[in-house]
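Enquirer: Structure for this input, please:
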Amino acid sequence: MASSKKPASSDLLLSVSDRLHSQLTPGRHVTVALSGGVDSVVLLHLVHRLRREREFSLSAIHVNHQISPHAADWAGFCAALCAKLHVPLAVKTIRVPRRSQAGLEAAARSLRYRAFAELDTDCLLLAHHLDDQAETVLLNLLRGAGVRGAAAMPEVREGEGVRGEGWVIVRPLLDVPRAALAAYAKKHHLAWIEDESNLDAAFTRNYLRHAVLPAIEQRFPAYRQTLARAARHFAEADSLLDELAAIDMASAVREGKLKLALLQEYSPARAKNLLRAYFAAQGMPALDAERLQEWLRQLIQARGDSRVELGVAGLVLRHYRGEAWVEPATPGPAADWQITWRGEHELALPELGGRLLMIPVQGEGLSVAKLGAAPLTLRLRQGGEKLKPDCGRPRKTLKHLLQEAGIPPWQRERLPLLYCGETLVAASGIGVDCAYQAAPGEPGLRLAWVLTYTE
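Expert: Numbers count the residues shown, from 1 in each chain. Reported below is the predicted structural model:
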């Protein structure tokens, strides 16, 4: 990565060329996100100039948010500019919900990046500049963000697009002030559009830009560079926290399950850092500080078979016997659930969260010959059931057998039980009742209950 030294306006082309040295190579496809504002117009102009020297493919993308009444005109402006430069342009039209819980700006950003993810490109260039970075740092701090939020926007990060690995998002102008971009645009007689919403102080960022930061600049004229430097410090700290989390994850997580003994040994700060990494690895959204603290408290205080169930965004964190793991939050089946089994070797049971397999075997499992005496049904536990999977030991309650097998309580409630008439003959993970077991050399069936979320 190039030096973070602020480039002068006259050195802007050299600075961008230096920062994009590894991206603007022969055969690579580079795409500029073009809003039509001065910053993205300047970025497109700079990269277009560099294309004369290097053999890379250049295109642009414009996202029409349909928020402004001038949105169609902006798309037309971008199309005309790209046609003049002979740069292919993709226009993506999105519909931003006006009453999004996350706010209009956040909703628009989320949909915009979703459109970016559909690009077939190697590198996406964004025109965020030094002023944007300073505003983002201050805005995130005022919102109570942690180290990652205070790190603001990275210059380079991996993208999630159709190209998969190797697809990157780069912000080559992060150390360039807005004034330098405007000066470049005027020097090269570039036209751009002005988004009238940038003057609307109802948006928090605009309020900071027009009401707060000018006052700060009077006392701290170098605030842009100072806040950007602070963001780099925070980014380094965040990187170290990620490295520590990776070390802790390697020790504390096995097959997707978090061992609480190690979590309990760590300091609160280290334990929360591990939880954040674990939740992210399981696809959970980031938790706010209060909720994370409460979840940590409940996990640390959990004992034995105590039941802990904490849910968010369609996922639930559960605890059992010193381990915690994440599962999809699905509604429980009806207490009187049952279906008839007609000899299928596989039954998909989404209402129970899994698939029941009946695997043909010889001399073990469930005796096929002994199943014709009465109708065969699959049911759920009602309480009081008994089973004798070991012919040399007494019959035991199903509850006791489930506990011995270490099957968590919430999974016991969804475990399909096989009945022949009114007799319980088999439970997956527990075994087959002695009276229904296949004799040596006799055709049998082995029951296997496969939870869908573990596949």
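
Enquirer: When you work out contacts or count neighbours from here on, use the C-alpha atoms and nothing else.
Expert: Noted.

Enquirer: Which residue ranges make up each domain of the chain?
Expert: 9-230, 255-328, 338-454 (automatic domain parsing).

Enquirer: Can you add distance to Asp248, mean neighbour count and mean pLDDT and give the ones you listed back as a markdown table?
Expert: Output for those, formatted as a markdown table (distance: least, Cα to Cα, whole Å; neighbours: other Cα atoms under 10 Å; pLDDT from 0 to 100):
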| stretch | distance to Asp248 | mean neighbour count | mean pLDDT |
| --- | --- | --- | --- |
| domain 9-230 | 19 | 17 | 90 |
| domain 255-328 | 7 | 16 | 87 |
| domain 338-454 | 23 | 16 | 91 |
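
Enquirer: what about those, which gets the closest to Asp242?
Expert: domain 255-328 (7.6 Å; Cα to Cα).

Enquirer: remind me, longest helix of this structure?
Expert: helix 223-252 (DSSP state H).

Enquirer: Report the buried residues of it.
Expert: Buried residues in helix 223-252, counted by 16 or more other Cα atoms under 10 Å: 223-225, 227-232, 234-235, 238, 241-242, 245, 248-249, 252.

Enquirer: What is that helix packed up against?
Expert: Here helix 223-252 touches helix 130-142, helix 147-150, helix 260-265, helix 268-281, going by 3 or more Cα pairs under 8 Å, 6 or more residues apart in numbering; DSSP states H and E.

Enquirer: Show me the strands in the stretch 301-450 of the chain, by range?
Expert: 308-312, 315-320, 323-328, 338-340, 346-349, 354-362, 366-367, 376-379, 386-387, 396-397, 417-420, 423-427, 431-432, 443-451 (DSSP state E, counting those that start in this stretch).

Enquirer: how about a markdown table for the ones you listed, with distance to Lys272 added?
Expert: A markdown table is the format used below for those (distance: least, Cα to Cα, whole Å):
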| stretch | distance to Lys272 |
| --- | --- |
| strand 308-312 | 16 |
| strand 315-320 | 15 |
| strand 323-328 | 14 |
| strand 338-340 | 43 |
| strand 346-349 | 36 |
| strand 354-362 | 32 |
| strand 366-367 | 47 |
| strand 376-379 | 41 |
| strand 386-387 | 43 |
| strand 396-397 | 40 |
| strand 417-420 | 40 |
| strand 423-427 | 39 |
| strand 431-432 | 40 |
| strand 443-451 | 29 |
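
Enquirer: show me what contacts Trp192?
Expert: By Cα atoms under 8 Å, 6 or more residues apart in numbering, the residues touching Trp192 are Gly36, Gly37, Val38, Val41.

Enquirer: Which one of these is nearest to Cys123?
Expert: Nearest to Cys123 among the contacts of Trp192, with distances taken as Cα to Cα, is Val41, at 17.4 Å.

Enquirer: Touching, that closest one and Leu34? I think so.
Expert: Yes. Val41 sits in contact with Leu34 when judged by Cα atoms under 8 Å, with a separation of 6.7 Å.

Enquirer: picking up where we left off before, okay, angle between the longest helix of the chain and strand 323-328 too, please.
Expert: 110 degrees (axes from the mean of the first three to the mean of the last three Cα atoms, to 10 degrees).

Enquirer: can you tell me how far Gly144 sits from Ala246?
Expert: To Ala246, Gly144 is 25 Å away according to Cα to Cα, to the nearest Å.

Enquirer: repeat for Arg446
Expert: Where Ala246 is concerned, Arg446 sits at a distance of 39 Å (Cα to Cα).

Enquirer: coming back round to it: so which of the helices and strands packed on helix 223-252 comes closest to Glu422?
Expert: helix 260-265 (41.4 Å).

Enquirer: which residues touch the residue of the chain most remote from its centre?
Expert: What lies farthest from the middle of the chain is Ala373; by Cα atoms, centre = their mean that is 51.6 Å. Residues near Ala373 by Cα under 8 Å, 6+ apart: Cys420, Gly421.

Enquirer: Distance from the chain centre to stretch 68-79, please.
Expert: 32 Å (Cα atoms, centre = their mean, to the nearest Å).

Enquirer: before we move on, what SS does Ser17 have?
Expert: helix (DSSP: H, G, I helix; E, B strand; the rest coil).

Enquirer: roughly how far apart are it and Leu43?
Expert: 11 Å.

Enquirer: For Pro389, see how far away the most centrally placed residue in the chain is.
Expert: Geometric centre of the chain, nearest residue: Gly283, 4.9 Å, by Cα atoms, centre = their mean. Counting by Cα to Cα, the gap from Gly283 to Pro389 is 39 Å.
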